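**Student:** Okay, predicted coordinates and the sequence, questions at the end:
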Amino acid sequence: MKQVVIATKNKGKAKDFEALFTPLGFEVVTMFDVAPNLEIEETGTTFEENAILKAETLASTLGKIVIADDSGLAVDALGGEPGVYSARYAGDHDDGANIVKVIEKLRGVPDSERTARFCCALAIAGPNIETKTVFGTCEGVILHEKQGTNGFGYDPIFFVPSLGCSMAELTPDEKGKISHRGNAIRKLAMELPNILK
Ligand SMILES: O=c1[nH]c(=O)c2ncn([C@@H]3O[C@H](COP(=O)(O)OP(=O)(O)OP(=O)(O)O)[C@@H](O)[C@H]3O)c2[nH]1
Ligand SMILES: [Mg+2]
């Protein structure tokens with residue numbers, strides 16, 4: 001099976017990518033497999049900048065084509081927070097604490113003003129190609145408490161109005177059909193067979 005290298009150490013993202021890439025005929029390989037000790041500091045101020053940083057760093061380390069994902073939650077009533085700081089909003093990769101912080105900050109905000117979106121920038125970089133980025137989003141509403149146990153990050157408090165359930169109540173396949181990550185990959189999919197040989 002052809003392989004696609006993703007510059008991530010997030011197991012939840014890796015699961016999302018497996019659901020998205022397996023039907024396209026690719027096996028997903030992550031930093032846990034190819035560069036477990038490499039730390040890439042996310043110093044960018046936009047999703048695109050961080051995605052490019054991660055993709056280009058791992059691509060030059062491996063000498064291979066790599067895809068990176070920088071993503072997060074933007075809540076309208078919080079002026080777009082947590083945004084690029086989603087993973088480290090209340091504690092470094094502490095999904096439980098991050099969720100509590102968002103719920104606390106939105107205490108008293110009515111449902112009609114709890115709109116939010118997940119954002120995902122994907123960057124593809126490597127030898128002999130020009131780095132390219134695509135962007136995907138998914139619209140939702142922030143719940144008052146957790147609902148569902150699938151997914152990762154903020155999925156349990158992200159209600160998807162079109163499906164009438166939270167992101168954490170979807171299987172990885174169902175999430176991929178509507179998610180920011182799925183929407184971004186669909187923008188790259190046409191070109192992937194030519195790039196990832
Ligand atoms: O509920 C969620 N469902 C999602 O589908 C999703 N996608 C992103 N996020 C949040 O945004 C951070 C990304 O930050 P991020 O792009 O820096 O990734 P990360 O640090 O977790 O891993 P890496 O890929 O950088 O190794 C994550 O940790 C999560 O908090 C999500 N939350
Ligand atoms: Mg990160």
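**Tutor:** Thanks, I have the structure now. Ligands and ions are numbered 1, 2, ... in the order given.
**Student:** you'd agree A121 is in a strand?
**Tutor:** Yes. The assignment for A121 (DSSP: H, G, I helix; E, B strand; the rest coil) places it in a strand.
**Student:** could you give the mean pLDDT of the helix or strand containing C138?
**Tutor:** Per DSSP states H and E: C138 is located in strand 132-142. Throughout strand 132-142, pLDDT has a mean value of 97.
**Student:** for stretch 185-193, same thing?
**Tutor:** Here stretch 185-193 scores 86 as its mean pLDDT.
**Student:** Let's see the distance spanning it from one end to the other.
**Tutor:** 13 Å (CA to CA, to the nearest Å).
**Student:** And ligand 1, is that stretch touching that?
**Tutor:** No. Stretch 185-193 lies out of reach of ligand 1 by CB under 6 Å from any ligand atom, never closer than 12.2 Å. All C-beta spots, glycine's among them, are computed from the backbone N, C-alpha and C.
**Student:** Just the buried positions in that stretch, please.
**Tutor:** 185, 188, 192 (16 or more other CB atoms under 10 Å).
**Student:** Return the member of these nearest to ligand 1.
**Tutor:** For the buried residues of stretch 185-193, the minimum distance to ligand 1 (CB to the nearest ligand atom) is 12.2 Å, reached by I185.
**Student:** how close does that closest one sit to P82?
**Tutor:** 23 Å (CB to CB, to the nearest Å).
**Student:** do V75 as well
**Tutor:** V75 is 7 Å from P82, by CB to CB.
**Student:** Mutual contacts of the two, please.
**Tutor:** Both V75 and P82 are contacted by V102, under the criterion CB atoms under 8 Å, 6 or more residues apart in numbering.
**Student:** higher neighbour count, those two?
**Tutor:** V75 (24 against 20; other CB atoms under 10 Å).
**Student:** Name the residues linked to that one by a beta bridge.
**Tutor:** Applying DSSP bridges to V75 gives these bridge partners: A116.
**Student:** Could you look up the SS state of the residue in the chain positioned nearest to ligand 1?
**Tutor:** Residue nearest to ligand 1 within the chain (CB to the nearest ligand atom): G153, separated by 2.4 Å. Going by three-state DSSP, the secondary structure assigned to G153 is coil.
**Student:** what sits against it?
**Tutor:** 12, 73, 86-87, 95, 98.
**Student:** Would you tell me which residues of the chain are close to ligand 1?
**Tutor:** Residues of the chain lying near ligand 1 (CB under 6 Å from any ligand atom): 8-10, 13, 42, 69-73, 86-87, 98, 118, 151-155, 158, 179, 181.
**Student:** mind listing which of those residues are in strands?
**Tutor:** Members of the residues of the chain next to ligand 1 lying in strands (criterion: DSSP state E): 69-73, 118, 158.
**Student:** now for these, which pair is the farthest apart?
**Tutor:** Farthest-apart pair in those is D70 and F158; separation 17.7 Å (CB to CB).
**Student:** In JSON lines, list the ones in strands among the residues of the chain next to ligand 1 along with pLDDT, neighbour count and distance to Q3.
**Tutor:** As requested, these are exported to JSON lines (pLDDT from 0 to 100; neighbours: other CB atoms under 10 Å; distance: CB to CB, whole Å):
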{"residue": "D69", "pLDDT": "98", "neighbour count": "26", "distance to Q3": "17"}
{"residue": "D70", "pLDDT": "98", "neighbour count": "27", "distance to Q3": "21"}
{"residue": "S71", "pLDDT": "98", "neighbour count": "27", "distance to Q3": "22"}
{"residue": "G72", "pLDDT": "98", "neighbour count": "23", "distance to Q3": "27"}
{"residue": "L73", "pLDDT": "98", "neighbour count": "28", "distance to Q3": "30"}
{"residue": "F118", "pLDDT": "98", "neighbour count": "25", "distance to Q3": "26"}
{"residue": "F158", "pLDDT": "98", "neighbour count": "27", "distance to Q3": "30"}
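**Student:** Fine by me, we can end here.
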